Structures are given as C-alpha cells and as structure tokens.
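Colleague: Coordinates only, no sequence provided:
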Ligand code: OXD
Ligand code: MN
C-alpha cells in the first residue's frame, strides 16, 4: 500500500508512545476481515451465532461499564474555550494531551496496533474525506471495515500528504476513570482512550464525521449533520429526497428504512445517521452519506417496526450486547412479543423475566448498508442527491405537534435550534429526562453552538430554492398516556404531506409556531386515526408552548452576545404570536 509519509511519521510517533508489540496497516480486504474474526473467535472476543439462521454473524459482549457513549468524558480541545462554547466540555489542548498521554503511555504493550486508512463518503466524491486511525482493538478494526471504506481507496482520496484526520484509539484498561474522548479541531486530531464502545471507539463516526467534520464544514461552507437521508417515491415514480435530524435512539433508523403503509408510496434508504451536505454551483443543497454501514440500536427493532433492518441483520452482522437464545440466535426486547425460553442475557448470564431487559437497552447491530433491502440504487452517487426538505424530529410526550412546517429557512433554523428531547439509552445517564438538543447535535457539534446556528443561517441565502423545513414528533401522547400517532410505516403519510408541500400542492394552516396540515390534508385513510385524534396530535397549545419557549430563552442566555440575532428575534416573535399580540 502506498502510504503517505506524513501518516507514516505520525503512526511512528504514536507507536513510540503506546509501545505496541507490532504495527499492522489495515488493507480493508476480505482476507483481513476473516482473519480478524477468526482471531476474535479464538480468544472469545466474539461468539459465533447460528451459522444456518444467522450466517457469518457474531456476538460481542463489551465490558459492562462500557456500553454507551460517555458524553461527560468527551471534550472539544480547541485552543480557546469560547470556540467549544457552553454546550461542550472543553479542555485545553496541552492539558488534554498530558492527561490522556498518561493513559496512552505503554497502553498497547503486547498488543497489535492496527493502522486503518479509511474513507468517509463514496469513492470518487469531491465531498469524501480521509481519516487514518490507529487502534489496539480488533473489534474496532472489523467494525471499521463495515462502517467505512478501508485501505487503498482511502489513501487515493488524499489531496495532499497531510490531507487526513488523525485518530488514536486504545482500549487502555477500559475503566471509566481512565477514559477520555478528545477532539482537537485545529489539529484535525482525535484521541480516544479507555472505551471500546461504538461511538467512543469507531472514530470515523461521531468523532470524525460529526464533531471534527462540523468544524471543518463551517470553515469550508458546508454542513455535517446528525441526519438520515431518504428518497420518498410517489406512485408515479418521482423521488423526493429528504434529510432528517433526530436524537440518538429516537427512530432515525426506523424512518430511514420505513416500509410504507401507504399504497403506492415507497421509501428508499441512503443513510441512517449522518449527512454531509453542500450547496452546488446551481444553488441546490446536495447530500452524501459518509458511512458505509449501519450501527443501529437493536431493541425494539422487529418485523413490525423495521422489517428491512430485521432482514438486513440475518447475515454478515456483528451484534453487540444483545441476548442469546439456546439456538445461538440473537434476541432483544421487542424482536418477538415473548422472550424465548433459556435466554442468556447480554453479559452471558442465564436470564429470567424478573431480571429486567435481557439485551442491553443500547445493544447494537453493525451491518453493511448494501445489505439493506431498501437501499437506494444511487446511495453511493459521488454527486450525492438533491435535498428538497429537512426534518427536525425529537421524542416529546407533549407540547410538540406531530408535524408542522417552518415559515422560511431562518424560521426553520430557529425551530431546529429550539429542539429538546427525552433522553434514551444511547448515552450513559438518566433515560427519559428532557434535555435541549438543537438539531440533534448537542453531543456532536465540534464548535460553539451559537456559531453553528449562525452557520446554518448563512447557508440559506446561498440556496436557489431553500429546502422546506419541517418539525416532527412521533411520540406525543394523549391524557391516558397512549401514543396519538401509530408511527413506523404510517409515518410515510407525514412524508407524503411534506412532498406535497414541497411541490406546492399540500394544504396547510398557519399557527403561531408554523404551518400544520389543514383539515383533510394529511392522508389518514385506512388508519384508526380519527379526526379528533389527529386534531389532538396536531394541536398547538399556547400555554405549553410559552412555557417551553421560556425554557428555551434561558438556554439561549448561555450563549450571551454570540447568539445570532435572527434566532433571538424568532423566539421573541413566537412568544408575541402565542400571546396573541
Ligand atoms: C448513534 C448515536 O450511535 O447517536 O448513532 O448515539
Ligand atoms: Mn446517531
């Protein structure tokens, strides 16, 4: 492999610090993947699943204290604290390197250090970017094979010898006390030590494609977003492309792979987690998915909620922290209505219902995107796809209507900035607590979030026809705690209304917070959603909203004078309209 001399020198320096027994350059080949699997089966890192029903599928059980992203140990290490902003943890670069350097020193003794050149984005795309990461975890190498394009293809995309994001990863001793996930945007560098878990360890994903890429995107005038990408095909075969931001474990993968319950309509999958978007020479917003696979949340994935994902993970899949049946098949809560007898839980212990969930709530599957039955034929188009609509969606029991549309681009940016959500198991901490999560980027924005809002606002005027911006909430409940909207495949009805709005045919009614579907405009034919329930799902409650906007105002105060004026103005306008002034 023709390796860049800058990368080689840097790898040598890290080997000097971490002292591995050997250094191996990963070539991304099938032979390499097979060898990794074989060695992990031999040392117990992986268990083989039933070769008849789940061919080439494996189960990995992670350390019980290493099961989710650890945001409290994740830092943006820009030179100036203000560059990280009030929503990120910040550490001075020198202090961060001294601290993590201590954990990394000699950390790879006796281990192999794999060096992985990887490409984020489709081969041949001007938007694709290269990373070079080192790791002492064979599980990470095998997962990177699935989630990114590894080997020569990456090196070929380097525009200069130093054109790559550098990433250091070591399992260290896996203790949370000696764990740090550090990002140095000015040096285009990542250091992650002490965790082998996905979002902390597969550096191409959250660390590179979101935190560092968002900082790079701001400088270069594009957008790196926590968004799925879909194509919505109508009965005439016309496809409209949409990108949607939703917080972790809030149904993004299910929407990305939705199987339409609306006759004649179909959803094509292009990505389920990250979108890189830019404005082309014609002023059109375009998007690529930088990833090659899906690292999806297993619990609640079933033939009912996501038939495509259930089919996709029947072969060539690495499962992490799911339960195991006596037939050596993977199992998680929601996969079947009843748990099978004789389960082993995610830690391998005999399980009984009183024990709580058998699979870890943040257990995962890792599978190639090309295995997804709904993958779009053009998902790897180097020029990306034209985006006509953007969706901001969160998980809220009340306040937020099922769907509404922003008045214009700047108002849409405000609605994105106003997003809050109920927390899930994708991060360590309390589940079900409402937290602010603008554009689903609170854990992933690599710079000051006030500047991020400003960057979004600045993109608007560059667009010939700005995409329509929508807000959705599939999770609103009635007074009895029942979901108001059936969700999953029925969400295509909401997508249809969006497509109609984009085409100028969908009818809407103005409310103080945006435009909701006019009576009869949202197609609920054949569902059990009656007019009263739909009205309740779409209702804008002025009292609830005013309280939510007060909380938002307090959140914005943290940004001080850095908060872009249009955002503050939209907040004040919304409050005025809700008070009926
Ligand atoms: C993910 C996450 O894994 O957002 O995609 O946590
Ligand atoms: Mn995500």
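Modeller: Perfect, I can see it now. Small disclaimer: the values here were computed from a predicted structure and weren't measured. Ligands and ions are numbered 1, 2, ... in the order given.
Colleague: Need the three-state assignment for the most centrally placed residue in the chain.
Modeller: Central residue of the chain (C-alpha atoms, centre = their mean): residue 273, 3.4 Å from the mean position. Of the three states, residue 273 takes coil under DSSP: H, G, I helix; E, B strand; the rest coil.
Colleague: Then the one 4 residues further on?
Modeller: Remark: residue 277 carries the secondary structure label strand [criterion: three-state DSSP].
Colleague: shouldn't it be in contact with residue 214?
Modeller: No: applying C-beta atoms under 8 Å as the test, residue 277 and residue 214 come out as separate, 11.5 Å apart. Backbone N, C-alpha and C define where each C-beta goes, glycine included.
Colleague: Give me the common contacts of these two.
Modeller: Residues within reach of residue 277 and of residue 214 at once, by C-beta atoms under 8 Å, 6 or more residues apart in numbering, are 223, 225.
Colleague: who touches the closest residue to residue 22 other than its chain neighbours in this structure?
Modeller: Excluding the flanking residues, the one nearest residue 22 by C-beta to C-beta, 6 or more residues apart in numbering is residue 112, at 5.3 Å. Neighbour list for residue 112: 20, 21, 22, 23, 24, 136, 138 [criterion: C-beta under 8 Å, 6+ apart].
Colleague: Nearest to ligand 1 within the protein, name that residue for me.
Modeller: residue 248 (3.1 Å; C-beta to the nearest ligand atom).
Colleague: Surely that residue is in a strand?
Modeller: No: counting by three-state DSSP, one finds residue 248 to be coil, located in no strand.
Colleague: separation between it and residue 295?
Modeller: Computed as C-beta to C-beta, to the nearest Å, the residue 248 to residue 295 distance reads 11 Å.
Colleague: circling back: mind listing which of the contacts of residue 112 are in helices?
Modeller: Judged by DSSP state H, these include residue 138 as members of helices.
Colleague: Show the buried residues in the contacts of residue 112.
Modeller: In the contacts of residue 112, burial by neighbour count holds for 20, 23, 136, 138, counting by 16 or more other C-beta atoms under 10 Å.
Colleague: from the residues you listed, which single one is nearest ligand 2?
Modeller: residue 138 (23.8 Å; C-beta to the ion).
Colleague: from the buried ones among the contacts of residue 112, which two are the most distant?
Modeller: With C-beta to C-beta as the measure, no two of these lie farther apart than 23 and 138, at 14.1 Å.
Colleague: thinking again about what came up before, so who does the residue of the chain closest to ligand 1 touch?
Modeller: Contact partners of residue 248, counting by C-beta under 8 Å, 6+ apart, are 69, 297, 424, 426, 427, 440, 443.
Colleague: Is it correct that the last one is in contact with residue 423?
Modeller: No: under the criterion of C-beta under 8 Å, residue 443 makes no contact with residue 423, lying 10.6 Å away.
Colleague: Distance check, the closest residue to residue 522 other than its chain neighbours against residue 324.
Modeller: Nearest residue to residue 522 in three dimensions, chain neighbours excluded: residue 497, at 5.1 Å (C-beta to C-beta, 6+ apart). With distances taken as C-beta to C-beta, residue 497 is found 42 Å from residue 324.
Colleague: Quick check: beta-bridge partners of residue 366?
Modeller: Beta bridges link residue 366 to residue 295, residue 318 when assigned by DSSP bridges.
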